[in-house]
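Student: give me a 3D structure for the following:
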Amino acid sequence: MDKIITFEEQKRREFLYVLFNAVFVTTCVVFILNFFFGYICDRIYEGDSLSKDSVDNILRAFLPALALSGAFVFYGVHSDVSLKAVFTPCKASPLWYIAGGAATAGISFFFALLSEKVVGLLGNFGYIIHEYTPYDLDSMPDNILSMAIVCIIGAFSSELVFRGILTERFRRANTGLALILPAIIAASMTGSLARMPYVFFSSVLLSWIYMKTSSVYVTLFCALFSDVSLYLFFIFRNSLAPFELLFMFGGLVTAAAAVAILLIRYEARTVYPAPRDDDDEYLRISAKESVIGLLKAFSFWIFILAVIFTVFFFYLSNPTVEVP
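Tutor: Predicted coordinates for the structure are as follows:
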């Protein structure tokens, strides 16, 4: 006997199908554009040039940001996300800026340095890691200018997409989705095993901050502060090398303290808009329905394959094999 599907259940299934597949098709488009723009970066300045390194830094930040923002803005506009509302200033306590920035930077330092050391162990098994880091330029003014442009471009595009569009879109359906799914997408799209952990955890924190404050300006400040801190660390890494463990565990302690302050002051519960009965776009779904719907989305598996392909064919070289 066939199971009878109610109209409400059918509506929820269609909602999940459209929601997940639209997001992951958009994500796969960004993957393709990233490969294309990466090829452009490699070809534009093949020869030696005084401006090669600084231009390459900016291009490698600008072109992926353009691909990311363009694809997801198109998705957001067609998913009932108002960009005007996203950028409408909302009042937020200075505590969110201070503690949020400290927490985001602390988490980024801890997981960036820890994962870098763990991934570095792959070298013992014959793997060569193709990790891209911004060029350390000859003069400090050039470094500062490059850092400012790269960090602003990166922070603005990521907060527009992962908070203003994806977190805003998914919190209408399920709070857990709004925290986890943008983080999974953001981390996976880095294509770097060393960057994935800190991008994931900082993204979860930023999505929570966004849902508590409804202000993309708060998360933009936190992301920018974190990016600038990491960028400065890598510029001065040679002189700061003896203090890496201090930065790593100091970042963890700072993040834990800052998050504790925010939890004590504002509690952990997130805030989302109330559902509207006359609008399918505001349909609420359970965590179980979210997971099942995600696994049934055909493009989710294309996304997973794209991530695996990126890591194994562009990030890691094949291991060396000793022939007897």
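
Student: pretty sure Gly101 is touching Cys222, no?
Tutor: Yes. Between Gly101 and Cys222 there is a contact under C-beta atoms under 8 Å: 4.7 Å. The way it works is simple: take the backbone N, C-alpha and C, and place the C-beta from them, glycine included.

Student: higher neighbour count, the two?
Tutor: Ranked by neighbour count (other C-beta atoms under 10 Å), Gly101 and Cys222 place Cys222 first, with 27 against 21.

Student: so that one is in which element?
Tutor: helix 216-235 (DSSP states H and E).

Student: hmm, who's touching that helix?
Tutor: Outside of helix 216-235, the residues within contact range by C-beta atoms under 8 Å, 6 or more residues apart in numbering are 86-87, 89-90, 92, 96-97, 100-101, 103-105, 107-109, 112, 133-134, 136, 143, 147, 150-152, 154-156, 158-160, 163-164, 202, 206, 209-210, 213, 240, 247.

Student: so how far is it from its chain's centroid?
Tutor: Remark: helix 216-235 is offset 13 Å from the chain centroid, using C-alpha atoms, centre = their mean, to the nearest Å.

Student: which elements pack onto the next helix or strand along the chain from it?
Tutor: Next helix or strand after helix 216-235 toward the C-terminus (DSSP H and E): helix 237-240. The elements that helix 237-240 packs onto, with contact taken as 3 or more C-beta pairs under 8 Å, 6 or more residues apart in numbering; DSSP states H and E, do not include any helix or strand.

Student: thinking again about what came up before, now list the buried members of the contacts of helix 216-235.
Tutor: 86, 92, 96-97, 100-101, 103-105, 107-109, 112, 134, 143, 147, 150-152, 154-156, 158-160, 163-164, 202, 206, 209-210, 213, 247 (16 or more other C-beta atoms under 10 Å).

Student: taking the contacts of helix 216-235 one by one, which sit in helices?
Tutor: Here DSSP state H is the test, and the contacts of helix 216-235 give 86, 96-97, 100-101, 103-105, 107-109, 112, 143, 147, 150-152, 154-156, 158, 202, 206, 209-210, 213, 240, 247 as lying in helices.

Student: pLDDT wise, what is Ser229 at?
Tutor: Note for Ser229: predicted pLDDT of 93.

Student: can you get me a residue count around it?
Tutor: When neighbours are defined as other C-beta under 10 Å, Ser229 has 19 of them.

Student: measure it to Trp208 for me?
Tutor: Remark: distance between Ser229 and Trp208 (C-beta to C-beta, to the nearest Å) = 20 Å.

Student: give me the phi and psi angles of Ile129.
Tutor: For Ile129, the backbone dihedrals (degrees, to the nearest 10) come out as phi -100, psi 130.

Student: pretty sure Arg265 is touching Pro94, no?
Tutor: No. In this structure, Arg265 is not within contact of Pro94 by C-beta under 8 Å, at 11.9 Å.

Student: who's more crowded, these two?
Tutor: Neighbours were counted for Arg265 and for Pro94 using other C-beta under 10 Å; Arg265 has more, 11 against 8.

Student: got phi/psi on that one?
Tutor: The main-chain torsion angles of Arg265 are listed as degrees, to the nearest 10 and equal phi -80, psi -40.

Student: now do the contacts for it.
Tutor: Leu95.

Student: next one, pLDDT for it please.
Tutor: In this model, Arg265 is scored at 93, pLDDT.

Student: do the same with Gly120
Tutor: At Gly120 the predicted local confidence, pLDDT, stands at 85.

Student: and for it, the neighbour number?
Tutor: Tallying neighbours of Gly120 according to other C-beta under 10 Å, which is how burial is gauged here, yields 13.

Student: any regions of this protein where pLDDT drops low?
Tutor: Along the chain, segments meeting pLDDT under 70 span 1-8, 44-52, 135-137, 272-282, 318-324.

Student: name the helices or strands packed onto the longest helix along it?
Tutor: If you go by DSSP H, the chain has its longest helix at helix 7-44. Using 3+ C-beta pairs under 8 Å, 6+ apart as the contact criterion, the neighbours of helix 7-44 among helices and strands are helix 52-77, helix 175-188, helix 287-296, helix 298-310.

Student: how about a cut-off of 6 Å?
Tutor: For helix 7-44, the contact count by 3 or more C-beta pairs under 6 Å, 6 or more residues apart in numbering; DSSP states H and E identifies helix 52-77, helix 287-296, helix 298-310 as packing neighbours.

Student: buried stuff in it?
Tutor: Taking 16+ other C-beta under 10 Å as the neighbour-count basis, helix 7-44 is seen to contain the buried residues 12, 15-16, 19-31, 33-34, 37-38, 41.

Student: how about stretch 300-315?
Tutor: Quick answer for stretch 300-315 (16+ other C-beta under 10 Å): Phe300, Ile302, Phe303, Ala306, Val307, Thr310, Val311, Tyr315.
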